[in-house]
Structures are given as C-alpha cells and as structure tokens.
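Visitor: structure for the following, please:
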Amino acid sequence: MRSLLTPVLALLLAWPALAVEHAVAPGEGSLADAIAGAAPGDVLRLRDGVHAGPVTIDRPLTITGTRAAVVDGQGQGTVVTVAAPDVTLRGFSVTGSGMANKDLDAGVKIVKGADRAQVRELRLTENMHGIDVHGGRDAQVVDNEIIGTRDPRMNERGNGIYVWNSPGTLVQGNSVRYGRDGIFSNASADSFYRDNLFRDLRFAVHFMYTRNTEVSGNVSIGNHLGFAIMFSDRAVIRDNRSLGDREHGLMLNYANNADVTGNLIRGGTKKCLFIYNAHKNLIWDNRFQDCGIGIHFTAGSERNVLSGNAFIGNREQVKYVGTRHIEWSHEGRGNFWSDHPGFDLNGDGIADGVYRPNDLMDHILWSQPAAALLTGAPAVQLIRWSQQSFPATLPGGVQDSAPLMRPLTIPVPPEIEAYEAEAAGRWAKGNYDDIDPDDLASH
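Guide: Numbers count the residues shown, from 1 in each chain. So this is what the prediction gives:
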C-alpha cells in the first residue's frame with residue numbers, strides 16, 4: 001500500500017510545479033480557446049489589446065495581464081464568469097457587459113461552487129454591475145478600480161460590488177465611483193469590507209439581511225447616503241468616514257447588536273446618524289459633526305448604549321420621537337455636546353450638569369412644523385425658560401447625566417480631504433438625481 005501511495009502523493013505535491021504559463025494574443029475567440037486548452041493550475045497571461053468576451057472559466061486558472069489588456073464583453077451578458085474553484089484574475093481591464101439588471105449582467109461574476117476566487121487589481125468600466133459575488137464562498141475582491149455607469153437613472157444602475165449569499169467574502173482596498181451602490185451585500189454572512197473608497201453613488205455600503213459582518217476603514221464621499229445597515233444582525237461598523245454625504249452618514253434600520261465605533265460623519269448631511277427600530281446596539285467613540293441633525297432616534301428603538309461620542313456643530317443635536325425617558329451615558333461616561341455650557345469643578349473630565357437636548361417646544365415643532373412661525377413669540381420663550389429652570393416640567397426624552405468636557409478627534413488623510421473639498425456644497429446646488437432615501441421602500 002505504501003508503495004502505491006508514495007508516487008500518487010509525489011504527483012499531488014508536484015502538481016502546482018507542473019503549471020504552465022501561456023501567452024494569449026488579443027482577438028476574437030483567442031481567450032476562450034486558451035481557457036478550453038489549459039490544464040488546471042495553468043497561468044494565462046493576456047497580451048495588451050482587446051480580448052473578445054464573454055468567457056466562462058470552468059477550471060482552476062490564473063488569468064493575468066496589464067490594464068492595457070482589455071476583456072470586452074461586447075454588450076452580451078456577463079463578461080467573465082468564474083465557474084470553478086481557485087480561480088485568480090489579476091491586473092487587466094474588463095468592460096462591455098450587457099445592461100440587463102434583471103439578469104445581473106456584470107464585469108465579473110463568481111457563481112455558486114466557485115469558491116476561493118481572487119479578483120485583484122482589475123479595472124472595470126462600463127458594466128452593469130462591476131463584480132458580482134453570487135454564491136461563491138471565501139472570495140477575495142481586492143484593490144480593484146470600478147467605474148460604473150452614469151445612465152440611466154441612479155436606481156436603475158448596477159452596483160460596484162454585489163455580494164449575495166457568499167459567506168467569507170473579503171472586499172478590501174477597492175475604489176468605486178458612479179453606478180448605484182458601492183457595495184450591496186444581501187443575504188450574506190461572515191464577510192469583511194475594509195478600506196474601500198466610494199464616491200458619487202446612491203449608498204456607499206448597503207446591507208440587507210446580513211449577519212456577522214465587518215465594515216471598517218471605508219471612506220464615503222459625496223454620496224446620497226453613506227452606510228445603510230438594514231435588517232441585519234451583529235455588524236461591526238468601525239473607523240469609517242462619511243464626508244459630505246447627502247441624507248444620512250450612517251443608518252441603522254432594523255439593525256440589531258451592532259458595534260459602532262471610531263466613525264467620523266461630517267458635513268452636508270441631513271442626519272449624521274439615523275436609528276430606526278434598531279435595538280441593542282453599542283455606539284461609542286464616534287464623531288458626528290456639522291449635520292442638520294446629529295442623531296435622529298425613532299420607531300421604538302430600545303436598549304442602545306451611547307457613550308464617548310462627540311456631537312459637534314449640528315443644527316439640531318438630537319431628534320428623539322417618543323415620550324420615554326432615555327439615558328445616554330454608560331458607567332459614568334456620557335458624550336460630548338458642543339452646545340452644552342457645562343462646568344467641571346473637580347476636573348474629572350465630566351461636566352457637572354446634566355445635558356438635555358430637547359424640550360416641549362421641540363416636540364411641538366416636530367409634530368406641527370407650522371408652529372415654527374411662533375418660535376420668537378414671548379409665550380414660547382417663557383415656556384423654554386421655565387423648562388430650563390424647572391427640569392421636572394420637561395417631557396420624556398433623552399438626557400446625558402455625565403456629558404464629557406472634551407471631544408475626541410478623528411483625523412482624515414490629506415488625500416481624502418481633497419476629495420471632500422471637491423464634493424463640498426454639491427447638494428446645495430440641487431444635484432439630487434432621482435433617489436429619495438427617505439422612502440425606505442426604494443432601498
């Protein structure tokens with residue numbers, strides 16, 4: 001038995017060394033022929049020029065080339081379909097998918113059973129979806145440049161990266177611009193989305209029905225909405241930047257058990273943080289700055305912990321729609337509020353007075369916007385003065401019993417600040433496209 005196993009084992013160990021590299025000339029059918037003639041483990045090196053697609057990779061191969069080597073789908077379906085495990089695509093360009101959104105036409109599609117695929121350093125342009133990870137497990141989508149379409153309407157475009165039911169996916173270091181959503185993760189789990197850059201999109205990151213996922217180190221600039229975590233459980237949202245996004249920097253909608261920390265949301269946004277029917281989330285050490293509303297908290301969201309956050313220069317720090325009393329400090333540590341004129345006589349970094357962001361008139365204005373005409377009236381000023389002087393008359397709402405005296409700072413690299421400056425003020429010009437993020441049905 002040993003004499004039989006030894007040569008078989010030696011052959012298996014030598015199999016990677018037997019891989020052959022083939023140069024593939026551009027032209028009609030040459031790439032498809034090269035795939036059909038290759039042995040598992042071979043390397044196909046694309047020469048510069050246009051290689052006609054669509055093609056399907058049905059065996060473990062590595063396909064590599066420079067950006068000048070272009071695989072063109074000629075407007076027919078998906079350009080490159082990965083249908084075998086252990087396939088690597090690296091370095092070349094992919095363009096010209098079909099434009100049928102119902103068929104999920106894409107530049108690259110990784111189907112069920114095509115596990116451990118690697119898509120690295122590609123340039124994908126003029127495709128319906130950039131990269132569609134559609135059932136393959138443990139895929140790696142790393143350091144790609146994806147430029148989506150700008151027509152037709154935004155809701156009818158494809159996503160930069162679409163992840164469906166693909167556990168273990170790693171999406172890291174990609175740049176996505178134009179199209180619909182930067183990353184749309186649907187019904188997927190145990191995945192990682194790190195250090196990606198998103199610009200000029202509907203949502204930078206859009207989750208639906210995900211669990212055990214990490215979103216860290218990503219940058220969203222000038223999008224309609226930054227990070228939309230919806231109908232999801234146990235997400236880690238860490239060290240991301242939302243800069244100059246239009247509607248919400250971060251939205252937790254039916255999202256539970258999330259760990260939200262180290263994020264910076266600032267500038268141009270209607271709502272820095274929107275929490276809608278989301279429960280048991282830990283929201284700590286984030287910075288929410290220069291938004292219309294710092295945090296909008298509604299729809300019965302319960303058992304959330306907010307501590308160590310900084311709310312700076314927001315037109316309205318808190319909009320809480322409800323009558324319950326809610327405490328926003330944890331174990332003697334609250335949040336920093338830029339409009340809180342607090343004192344710290346014992347020097348422990350905690351203000352001596354309780355912070356209450358809203359009074360009875362705020363609740364009236366939320367429910368009856370026409371009452372804004374009366375905000376300067378003496379009767380209204382008397383109500384506000386009396387509630388400040390006699391806190392027992394305040395309605396239910398948010399209070400921070402241990403507000404911080406100093407805010408945390410979260411730096412932004414100079415190259416990202418340049419992108420932020422480029423996008424500054426765009427929403428004041430009415431560049432709203434066709435999306436209404438307030439309509440949750442459109443998500």
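Visitor: I'd guessed Gln140 sits against Arg120; true?
Guide: Yes: in this structure, Gln140 is within contact of Arg120 by Cβ atoms under 8 Å, at 7.2 Å. Where you see a C-beta, it was placed from the backbone N, CA and C, and this is true even at glycine.
Visitor: need the helices for the stretch 251-400 of the chain, in chain order.
Guide: Remark: helices assigned in the stretch 251-400 of the chain by DSSP state H, counting those that start in this stretch are 360-367, 378-389.
Visitor: show me the domain layout of the protein.
Guide: Using automatic domain parsing, the domain parsing of the chain gives 50-358+399-419, 359-396.
Visitor: among those, which is nearest Ala428?
Guide: domain 50-358+399-419 (8.2 Å; Cβ to Cβ).
Visitor: phi and psi next, for Pro167.
Guide: phi -60, psi 150 (degrees, to the nearest 10).
Visitor: tell me the contacts of it?
Guide: 137-138, 188-191 (Cβ atoms under 8 Å, 6 or more residues apart in numbering).
Visitor: now it: how far from Asp190?
Guide: 5 Å (Cβ to Cβ, to the nearest Å).
Visitor: using CSV, write down the CA coordinates of stretch 85-105.
Guide: C-alpha atoms of stretch 85-105 as CSV (Å, rounded to 0.1, in the frame of the first residue of the first chain):
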residue,chain,number,x,y,z
PRO,A,85,-12.9,27.0,-7.6
ASP,A,86,-9.4,28.5,-7.0
VAL,A,87,-9.5,31.0,-9.9
THR,A,88,-7.4,34.1,-9.8
LEU,A,89,-8.0,37.2,-12.0
ARG,A,90,-5.3,39.9,-11.8
GLY,A,91,-4.3,43.2,-13.3
PHE,A,92,-6.2,43.5,-16.6
SER,A,93,-9.3,45.5,-17.6
VAL,A,94,-12.9,44.4,-18.1
THR,A,95,-15.6,46.3,-19.9
GLY,A,96,-18.7,46.0,-22.0
SER,A,97,-21.1,43.8,-20.1
GLY,A,98,-24.8,43.6,-21.1
MET,A,99,-27.1,46.1,-19.4
ALA,A,100,-29.9,43.8,-18.2
ASN,A,101,-30.2,44.4,-14.5
LYS,A,102,-32.7,41.6,-14.1
ASP,A,103,-30.1,39.2,-15.3
LEU,A,104,-27.4,40.7,-13.1
ASP,A,105,-25.0,41.3,-16.0
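Visitor: any buried residues in that stretch, and which?
Guide: 85-99, 101, 104-105 (16 or more other Cβ atoms under 10 Å).
Visitor: okay, now the unreliable bits of the stretch 201-350 of the chain?
Guide: Within the stretch 201-350 of the chain, the segments meeting pLDDT under 70 span 299, 323.
Visitor: mind redoing it with 80?
Guide: 268-269, 299-300, 321-324 (pLDDT under 80).
Visitor: re earlier: and which of the contacts of Pro167 is nearest Arg324?
Guide: Nearest to Arg324 among the contacts of Pro167, with distances taken as Cβ to Cβ, is Ala189, at 32.9 Å.
Visitor: how much distance is there from stretch 313-323 to the middle of the chain?
Guide: Taking Cα atoms, centre = their mean, to the nearest Å, one finds the center of stretch 313-323 at 24 Å from the center of the full chain.
Visitor: likewise stretch 76-96?
Guide: Distance, stretch centre to chain centre, for stretch 76-96: 24 Å (Cα atoms, centre = their mean).
Visitor: would you confirm that Gly349 contacts Ala402?
Guide: No: contact criterion Cβ under 8 Å: Gly349 and Ala402 do not qualify, at 9.6 Å.
Visitor: got phi/psi on Pro414?
Guide: With angles defined as degrees, to the nearest 10, Pro414 sits at phi -60, psi -40.
Visitor: any idea how far Asp190 is from it?
Guide: 35 Å.
Visitor: neighbour count: those two, which is higher?
Guide: Asp190 (16 against 7; other Cβ atoms under 10 Å).
Visitor: so that one sits against Leu170, correct?
Guide: No: Asp190 is not in contact with Leu170 according to Cβ under 8 Å; the separation is 10.4 Å.
Visitor: about what we covered before: now the domains of the chain as TSV including distance to Ala34?
Guide: What follows is the domains of the chain, written out as TSV (distance: least, Cβ to Cβ, whole Å):
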stretch	distance to Ala34
domain 50-358+399-419	9
domain 359-396	64
